[in-house]
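Enquirer: predicted model and sequence below, questions to follow.
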Number of protein chains: 4
Amino acid sequence: MPHVNAGGSPVKIAAVDRPDQPSRSPELEDLYRGFEKALLVPLWTEIGDLMPPHPRSSAQPHRWEWGTLLDLAGRAGELVPVGRGGERRAIALANPSLGGKPYATPTLWAAIQYLMPGENAPEHRHSQNAFRFVVEGEGVWTVVERDPVPMRRGDFLPQPGLHWHAHHNAADTPMAWIDGLDIPFQYGVEAQFFDFGRDTLTEEEHATPDRSRAERLWGHPGLAPVSRLRRHEGTPLLCYRWTDTDAALTDQLALEREGHAGTIEPGHALVRYTDPATAGDVLPTIRAQFHRIATGVETAPYRETGSSVYQVFDGSGQVTVGDRSWRVSRGDLFVVPSWQPLSIRSEASASDSDSGALDLFQFSDAPIFTRLGLYRSRTEENSR
Amino acid sequence: MPHVNAGGSPVKIAAVDRPDQPSRSPELEDLYRGFEKALLVPLWTEIGDLMPPHPRSSAQPHRWEWGTLLDLAGRAGELVPVGRGGERRAIALANPSLGGKPYATPTLWAAIQYLMPGENAPEHRHSQNAFRFVVEGEGVWTVVERDPVPMRRGDFLPQPGLHWHAHHNAADTPMAWIDGLDIPFQYGVEAQFFDFGRDTLTEEEHATPDRSRAERLWGHPGLAPVSRLRRHEGTPLLCYRWTDTDAALTDQLALEREGHAGTIEPGHALVRYTDPATAGDVLPTIRAQFHRIATGVETAPYRETGSSVYQVFDGSGQVTVGDRSWRVSRGDLFVVPSWQPLSIRSEASASDSDSGALDLFQFSDAPIFTRLGLYRSRTEENSR
Amino acid sequence: MPHVNAGGSPVKIAAVDRPDQPSRSPELEDLYRGFEKALLVPLWTEIGDLMPPHPRSSAQPHRWEWGTLLDLAGRAGELVPVGRGGERRAIALANPSLGGKPYATPTLWAAIQYLMPGENAPEHRHSQNAFRFVVEGEGVWTVVERDPVPMRRGDFLPQPGLHWHAHHNAADTPMAWIDGLDIPFQYGVEAQFFDFGRDTLTEEEHATPDRSRAERLWGHPGLAPVSRLRRHEGTPLLCYRWTDTDAALTDQLALEREGHAGTIEPGHALVRYTDPATAGDVLPTIRAQFHRIATGVETAPYRETGSSVYQVFDGSGQVTVGDRSWRVSRGDLFVVPSWQPLSIRSEASASDSDSGALDLFQFSDAPIFTRLGLYRSRTEENSR
Amino acid sequence: MPHVNAGGSPVKIAAVDRPDQPSRSPELEDLYRGFEKALLVPLWTEIGDLMPPHPRSSAQPHRWEWGTLLDLAGRAGELVPVGRGGERRAIALANPSLGGKPYATPTLWAAIQYLMPGENAPEHRHSQNAFRFVVEGEGVWTVVERDPVPMRRGDFLPQPGLHWHAHHNAADTPMAWIDGLDIPFQYGVEAQFFDFGRDTLTEEEHATPDRSRAERLWGHPGLAPVSRLRRHEGTPLLCYRWTDTDAALTDQLALEREGHAGTIEPGHALVRYTDPATAGDVLPTIRAQFHRIATGVETAPYRETGSSVYQVFDGSGQVTVGDRSWRVSRGDLFVVPSWQPLSIRSEASASDSDSGALDLFQFSDAPIFTRLGLYRSRTEENSR
């Protein structure tokens, strides 16, 4: 956080020779010194940066390889204990254009979290909205509001703000997964609250059930438990299982093959995780979606306000974001900054994909934009 | 915007000796270098700053004196032309803790705008939500979507995002007023769009009617024009006149004196500007309110998530925000950062106030918090 | 309410010779007797009446002349006391096609209420939503939730369900006005609750203020009292004054003359009374609107689902509803049944109109249709 | 529909000797004749019936035995063809207090529909909201907007207003099911539209898929197809399968046994069918729910505004509605009028129930009440 310079003002205003700027003169310099002293900044020197014709993201497109993340997380598993204070063995993506901050994008945090066999991450809660997504492995239970939720490959576990939560690894192998939160957004608007919880959970909370209570109440399609109908912000369904997501994607592509509507564009199935109590996004600030792109398909370049993080779940392909392009495969993560066009080509890779397609998990800050009347998107013609 | 250092990574992670941090060792240093190279940052070194127990604003409380602003704006009127490129002769409050940026708070822009007799500020539009508030003077018309809206002392003129607008001063004296926008917020989440409009308005748009068409359609209490009922983001009522605001505040204090509910606390009248087509806040990201505090009254310390900018409209008093305190009078502006307690004492000053009270205009980013489930507030017992 | 006939079933099914009906036979008669005994009715004998191609109202267009109503109400003023039990000296329009029930339409009640000098109508409350509209006279205060609200020509006073209310005539002349309620609708769906209140009001409640407290809190355009922002069903603004309504209508016609949008069709101004706390209809089941039709203008035939009652406020003209047509003038009431086309021609009548136009108050059951997804409307080409 | 008597008015007003009525006199009789002639009815003679202290339903509690319905429907299957004009072989419950009309309650229609092997019910659409529920059998496909939806025991098939639909029996046995609609409500408020469709469906529409396209798009818990997110009135999910409903009920009772919340009262599981695109009721005017009551449990008497129809799906028990009580078992239907208390006792009947419990399907008009601010309910202490 910049502060006032010793003996001076934090404000510096430079008069420049440019057609859209006032003529340089001693009087103008005097005026600018007056502005600095009074802690004022004119619009006319700043407008080009502050109010561009369209979003020019301070973040840049970037990809992180899953193998590297997993290696480093494994080494952290040996060297860094999990406990009160540090709270979680989570290692965050730091977008190279965001000044070394642990921000994947200006609004989103994405981290790999790693828990060794038998370890417990202590209970806490925070106003930040969060979720977990599992690209591989199992054995950890996330205990949300005393309800143990199992985590397995393909599962998506949202956790609305101010819900108490802890994790414990009940398996005899380490487990890694992805955490997504709105930490940068809440830091920026200054909305954060955080409370420490109990250091140890009860025996009942250490149970390892196959399904959470949340799923037993809310996981039946189109069926709401009448005793729990009060609406809050954030979904009451704490886990969206892979079998359901996989089936929904499979159905969309099959419907397309049969000649019916369902996909978002040819060869591109897309589902959104929704809150069964409101039908809106699962979290007030985070949208989560899952894409399946049939082999050989290239998606039309798509721009939207706000930023996304993607993780490849299965298959492989070529991703282009703005002027960057990478080949990606299982576990790789990449970021799409605001208003940068994204296109994905799914490539044949019979060995590594269950569905014979490219599967990608996505999360974004879209609800911030839709709820505040700021959402815009544009699909470009695919040049191929 | 920080960028990658020459020859290095933008990420720097320091191992420190502290009970909540892992033990320093060559292996840990090696791990941290690995993180840096891979553009990763651990949570355990950052959590205290990123996830504090409650908002600790990067902004600080600060007051700007109206006389100083008006002087500097007047000198700018002589030296700085208004035209395409610079767009507006607007001079923004720069919070001394925000690094010299033209940000009153992390989300809000507040500026004094100044227009000389006969001047025109050219037409443009932008996704940023905006308003004007007039603490003194008259003679300028803001032309919004071709509808000329007069500006006079006490008037509040909201202008939702992407509405075309220009200003022209039809009087023979300069005029100053306050502009409020969500520029820092839209900069942070990267939502901005901006378009230049026509350089000159038509003769009809240069008219100087006493009331805007917007007011003639939407300015009648509880009465909606059926032909215009489609709902958009942002109010269709483009001016809220002082006579109405004054009457509403007067009524609240009179009801209190008669023993009835109405004020927000004893001696403290409070009205919110609302969109007559939705009954919600006038702008999707900005809340605007007007306070009248009876002479001798001190308001209970109040905290809320999000930040505000206040301008004294009339009267004088003592304002305390966190550990700062200032005496304020007509035209002075001050900022209240997130979760800092605010208390205001209205002081007798018979000479300068029409109502014999302290009148304050306030705007804040509250809709961002309420629409995203992040709003919290707390009123403390007044220690007096 | 029909009941089981002595010795038989309430159900009677007749076999008929018609192409769309099953062939008559002893077996069919036997089947129909079986249906009757089991309290069953087949769809195939009833579908034409139950499920018509478009609404065929059981109500018929009808007009009541104000002079007749006022005479009869005046005679009731002499003969019928006002007090507990009968509750109100209200005399309801009985649509001639609705079987003698006091129903203006299948969903709406409309009555003339009459209060002699010094009389009090005792306090009660009910789930039925109600309003009053004043076509002439003054001197009565309606006391709603202990808040005395004056009634004067042109005022519209909504009163949401379950609000306690009483009336008292503080003048030395009788006063008549129109009551509108959703009595038939709530009777039909069986939603009614009713409670008796206090027999006498306090002295304070018998006050005769010029404005109600509700108006002082909520009657300022676009300005909400922050202390009272909780939302309920039904408007907190208990009176919409004629001066505001008149000004809004005048503005719409003036905007049209100046070449701007505003009217609903040429020469036809239309405002809707709205709840300032929700921007929706003033009452959950009743929409209220006010029309001003410039002299010489004939409105395009308009149909909508649901029914309306109109009262002429000023001016005179010719009204056509379906196959009925009447000349109307001040105070006359008429009903427009569901899906019947309505057209109104405003006729010159310089003597009796302030605005030189035909002014009409309208109320309808439109919110029932809009809130339940059943609203449809159609404007026809004006044949002239 | 009553009409004007030959030579008289439809209105008849009788003066009576009663303390709450005006004194009988020639003048009063004269006034009443004046009212009749002018088509007016006073409130004071009608208020007790029109505005009762709480709903007094014109309907009465009644039960229909499934065996009787099935027998009569089967005989209709032999005698009454299905085709254009009669449209459906549907036989409706006629509440014995509703004058022989085919109304189960004042707002709801409930019928048994019966289709012989190979029969087709022709395509049509109507504004009335509808659903089907299957208590036994299979073999019919309902084709909604060209999407064939299979019908099997326990399935619930909602069908929002104005959706084209037809039925065809692809099996070699007859099939019966229950139709529920808001016919009486739409008749009462006069909202009805009806259109005939094609007489024969295409071959593709006569397919007999195991799942509808609607289920493939919308039947995955918490997962929305992004290509179909526009919201309309009425659920896009056209079938709610019994396996899901059964699992949700089983989970609630199991959670209760494990000591967790979930049931609506001890031993009483309750799920509501909801629209996955809005999370609200499946239809704008109809709520549908499913109850499972553990053997030996008696539910607390419950009243609510509005009426319901129940069908026993499995098990048996004793039902009490107001002053009526019946023993019920599979397929039996009964109605609960507005504000009448309902209590159900589940009785051991090992032979006939899969779940060892009493399972009941319920539909009601609750959305009419909740959307219009008229919903009230009360649970009484169970006297046992």
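Expert: Alright, I've got the coordinates. Numbering: from 1, shown residues only, chains lettered A, B, ... in the order given.

Enquirer: separation between residue A:203 and residue A:121?
Expert: Taking Cβ to Cβ, to the nearest Å as the measure, residue A:203 falls 18 Å from residue A:121. Where you see a C-beta, it was placed from the backbone N, CA and C, and this is true even at glycine.

Enquirer: swap that for residue A:274, sorry
Expert: 28 Å.

Enquirer: how about residue A:239?
Expert: Distance from residue A:239 to residue A:121, by Cβ to Cβ: 17 Å.

Enquirer: look at those two and report which has more neighbours.
Expert: Between residue A:239 and residue A:121, counted using other Cβ atoms under 10 Å in any protein chain shown, residue A:239 has the larger neighbour count: 27 against 23.

Enquirer: might one say that that one is in contact with residue A:215?
Expert: Yes - Residue A:239 lies in contact with residue A:215 (Cβ atoms under 8 Å); the separation is 5.6 Å.

Enquirer: overlap in contacts of the two?
Expert: residue A:149 (Cβ atoms under 8 Å, 6 or more residues apart in numbering or on different chains).

Enquirer: could you give the number of residues near the residue of the stretch 1-150 of chain A found nearest chain D?
Expert: Residue nearest to chain D within the stretch 1-150 of chain A (Cβ to the nearest Cβ): residue A:147, separated by 8.7 Å. Using other Cβ under 10 Å, residue A:147 is surrounded by 22 other residues.

Enquirer: who's in contact with it?
Expert: Here residue A:147 is in contact with A:212-214, A:238 (criterion: Cβ under 8 Å, 6+ apart).

Enquirer: can you tell me the closest non-neighbouring residue to it?
Expert: If the residues on either side of it in the chain are set aside, residue A:147 comes closest to residue A:213, at 4.7 Å by Cβ to Cβ, 6 or more residues apart in numbering or on different chains.

Enquirer: what's around that neighbour, how many residues?
Expert: 22.

Enquirer: that one against residue D:254, yeah?
Expert: No - assessed by Cβ under 8 Å, residue A:213 is found out of contact with residue D:254, at 9.9 Å.

Enquirer: for the stretch 51-200 of chain A, which segments count as strands?
Expert: Using DSSP state E, counting those that start in this stretch, the strands assigned to the stretch 51-200 of chain A run over residues A:62-64, A:90-93, A:109-115, A:120-126, A:130-133, A:138-144, A:147-152, A:156-159, A:165-169, A:175-181, A:194-196.

Enquirer: where's whichever strand or helix holds residue A:312 relative to the chain centroid, distance-wise?
Expert: Per DSSP states H and E: residue A:312 is located in strand A:308-314. Averaged C-alpha coordinates place strand A:308-314 at 10 Å from its chain's average position (Cα atoms, centre = their mean, to the nearest Å).

Enquirer: pLDDT of the next helix or strand after that strand, averaged?
Expert: Using DSSP H and E, the next helix or strand after strand A:308-314 towards the C-terminus is strand A:316-321. Averaging pLDDT along strand A:316-321 gives 98.

Enquirer: list the strands paired with strand A:316-321, with their directions.
Expert: Sheet pairing here is set by DSSP bridges, and for strand A:316-321 it gives strand A:324-328 (antiparallel), strand A:342-347 (antiparallel).

Enquirer: who touches the residue nearest to residue A:147 in this structure?
Expert: With contact taken as Cβ under 8 Å, 6+ apart, residue A:213 is in contact with A:147, D:255, D:260, D:262.

Enquirer: of those, which belong to helices?
Expert: If you go by DSSP state H, the contacts of residue A:213 have residue D:255 in helices.

Enquirer: the contacts of residue A:213: which two are farthest apart?
Expert: A:147 and D:262 (11.7 Å; Cβ to Cβ).

Enquirer: done for today, thanks.
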